[in-house]
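**Q** next input, structure requested:
(one chain, ligands or ions: 3)
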Amino acid sequence: MSYRIPDRLIAEENAKLGPMQAEDYAVLARRLERAGVDIGAVTAKVAAFAVAVPTWGVGTGGTRFARFPGLGEPRGIFDKLEDCATIHQLARATPTCSPHLPWDKVDDYRELTERAALLGVGFDAVNSNTFQDVDGQQLSYKFGSLAHSQKGVRDQAVAHNVECIDIGRKLGSKALTVWIADGSNFPGQFNFNRVFDWYLESMAEIYARLPAGWRVFIEHKLYEPAFYSTVISDWGTSLTAAEVLGPKACCLVDLGHHAPNVNIEQIVARLIRARRLAGFHFNDSKYGDDDLDTGAIDPFRLFLIFNELVDAGHRNAPSFDPAYMLDQSHNVTDPIESLMASAMETQRAYAQALLVDRDALAAAQDENDVMLAHRILKAGFIADVSPILAEARLRNGGAIDPIAVYRASNYRKIKAKERPAVAGSSSGIV
Ligand code: RM4
Ligand code: MN
Ligand code: MN
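**A** Residues are numbered from 1 along each chain as shown. Ligands and ions are numbered 1, 2, ... in the order given. Model (predicted):
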């Protein structure tokens, strides 16, 4: 059996930090009580919050210049599952992982689900991949996939997505995420509307194969790898496609896939209103689709997004059931540390948004008291909710300080011995 962090180590580390945590939590409880907030209710909501880990995120990522593999990185889906389980064991925020096919393809899916169950991880949305060619593939995706000019290539891409649904079914998934790289590098390379029509035709075939209770998530992206135009470029295109396809199609928001300075929280509000918000791929960025750690660059933006989500929950917005996932690339950090920290950042933004006094905010908005409205909203963001997050982890059997326990365990060093590097391994986004 391969190494797992012993629960005893978590208990030992928690015992050291426990008294301090109890003190901080009690102080915060009193402060919140003065503002009429019940800390127990907030903690329970945070403890129930879950965000999926991308299987491709546990490998070291890279850029188009180079990849610097880390020691002991996962060699395949079984190793990736172990790392996902470790992330959840310590931070208790990520009970599921989101697989990517064909990267995570195996011969025996029963073996895979059994292993996952043993490790205590489930499967979230399945991601298809028609943005690269793999060995033995008949036709190339160099000029596109679901929106390719040639029917044969479109059919092949449809068949791959249908296979993803079949595999997802075996894994217990309930959604297919479709991101295509189809686009153009030169004006004149293709006709904007002809390719969109081909995309819609292909997606209609995939849509028709969705099992009962499934949804398809349409993920847009403004540029890269295509640099002049992409077929599914923005939320307008995504929403149009979802409306053409039907009620099981909805729009996924990857935080890095928008034009610079776009107001993502407003897009989120609009998608909720249209009953088409699929969910998120969380990450952070400064310039483009940087895939940096969630909350590392612009935690205020993350808070404002969660503010819209909490607001929708508060209003009981219809058909509001977003799927939360991380989607980031870890080029210079240990992916396990980054994913734990990022999951905790989503919980932080959620907890902060829960603190906002929504009735007072609405009243200030109605009175056009701009400064008061802004200060009510900001009060959530400036609150240090760390003791709530730690308490939620403790109650769920996790670590008060997950990164400290991870480091104390020497997990990565042990895995480096257990997992000798394999030639040509390409875990991560390369
Ligand atoms: C894309 C997009 C997709 C992810 C791939 C690896 O930029 O974010 O969600 O599947 O990267
Ligand atoms: Mn994504
Ligand atoms: Mn991306």
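
**Q** and the longest helix along the chain, average pLDDT?
**A** When the chain is scanned for its longest helix (criterion: DSSP state H), the result is helix 7-34. Taken as a whole, helix 7-34 has an average pLDDT of 98.

**Q** tell me the helices and strands packed up against that helix.
**A** For helix 7-34, the packing partners by 3 or more Cβ pairs under 8 Å, 6 or more residues apart in numbering; DSSP states H and E come out as helix 39-48, helix 386-395, helix 402-409. The C-beta positions use only the backbone N, C-alpha and C, and glycine is treated the same way.

**Q** any figure for the gap between whichever residue of the stretch 51-200 of the chain sits closest to ligand 1 and Arg273?
**A** Nearest residue of the stretch 51-200 of the chain to ligand 1, counting by Cβ to the nearest ligand atom: Trp179, 4.2 Å away. As for Trp179, its distance to Arg273 is 24 Å (criterion: Cβ to Cβ, to the nearest Å).

**Q** just Val46 next, same as before
**A** Taking Cβ to Cβ, one finds Val46 at 26 Å from Arg273.

**Q** got it, and Tyr228?
**A** 31 Å.

**Q** on that earlier part again, ranking the helices and strands packed on helix 7-34 by burial, who's on top?
**A** The highest average neighbour count among the helices and strands packed on helix 7-34, using mean count of other Cβ atoms under 10 Å, belongs to helix 386-395 at a mean of 22.

**Q** just the CA trace of that one, in PDB.
**A** The C-alpha coordinates for helix 386-395 follow below in PDB (Å, rounded to 0.1, in the frame of the first residue of the first chain):
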ATOM      1  CA  SER A 386      -9.700  32.500   9.000                       C
ATOM      2  CA  PRO A 387     -11.000  31.100  12.400                       C
ATOM      3  CA  ILE A 388     -14.200  30.100  10.700                       C
ATOM      4  CA  LEU A 389     -12.400  28.200   7.900                       C
ATOM      5  CA  ALA A 390     -10.200  26.400  10.500                       C
ATOM      6  CA  GLU A 391     -13.200  25.500  12.600                       C
ATOM      7  CA  ALA A 392     -15.000  24.100   9.600                       C
ATOM      8  CA  ARG A 393     -11.900  22.000   8.700                       C
ATOM      9  CA  LEU A 394     -11.700  20.800  12.300                       C
ATOM     10  CA  ARG A 395     -15.300  19.800  12.400                       C
END
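
**Q** and the helix or strand hosting Ala312, what's buried?
**A** Using DSSP states H and E, Ala312 sits in helix 299-314. Under the neighbour-count criterion of 16 or more other Cβ atoms under 10 Å, helix 299-314 has 299, 301-312 buried.

**Q** quick one, what contacts Cys164?
**A** Shown in contact with Cys164 (Cβ atoms under 8 Å, 6 or more residues apart in numbering): Leu101, Val126, Asn127, Ser128, Leu176.

**Q** A strand includes it, no?
**A** No - when classified by DSSP: H, G, I helix; E, B strand; the rest coil, Cys164 is found to be helix rather than part of a strand.

**Q** next one: it from ligand 2, what distance?
**A** Per Cβ to the ion, to the nearest Å, Cys164 is found 15 Å from ligand 2.

**Q** residue boundaries of the helices in the stretch 151-300 of the chain?
**A** 151-171, 192-208, 235-245, 264-273, 299-314 (DSSP state H, counting those that start in this stretch).

**Q** can you put the ones you listed in CSV and add mean pLDDT and distance to ligand 1?
**A** Output for those, formatted as CSV (pLDDT from 0 to 100; distance: least, Cβ to the nearest ligand atom, whole Å):
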stretch, mean pLDDT, distance to ligand 1
helix 151-171, 98, 12
helix 192-208, 98, 16
helix 235-245, 98, 13
helix 264-273, 98, 15
helix 299-314, 98, 17
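
**Q** mind checking how far Tyr406 is from Phe306?
**A** Distance from Tyr406 to Phe306, by Cβ to Cβ: 26 Å.

**Q** same thing with Leu389?
**A** Distance, Leu389 to Phe306, using Cβ to Cβ: 13 Å.

**Q** how many neighbours does the spatially closest residue to Ile206 that is not a sequence neighbour have?
**A** Once flanking residues are discounted, Ile206 sits nearest to Asn161: 4.6 Å by Cβ to Cβ, 6 or more residues apart in numbering. Close neighbours of Asn161, defined as other Cβ atoms under 10 Å, add up to 25.
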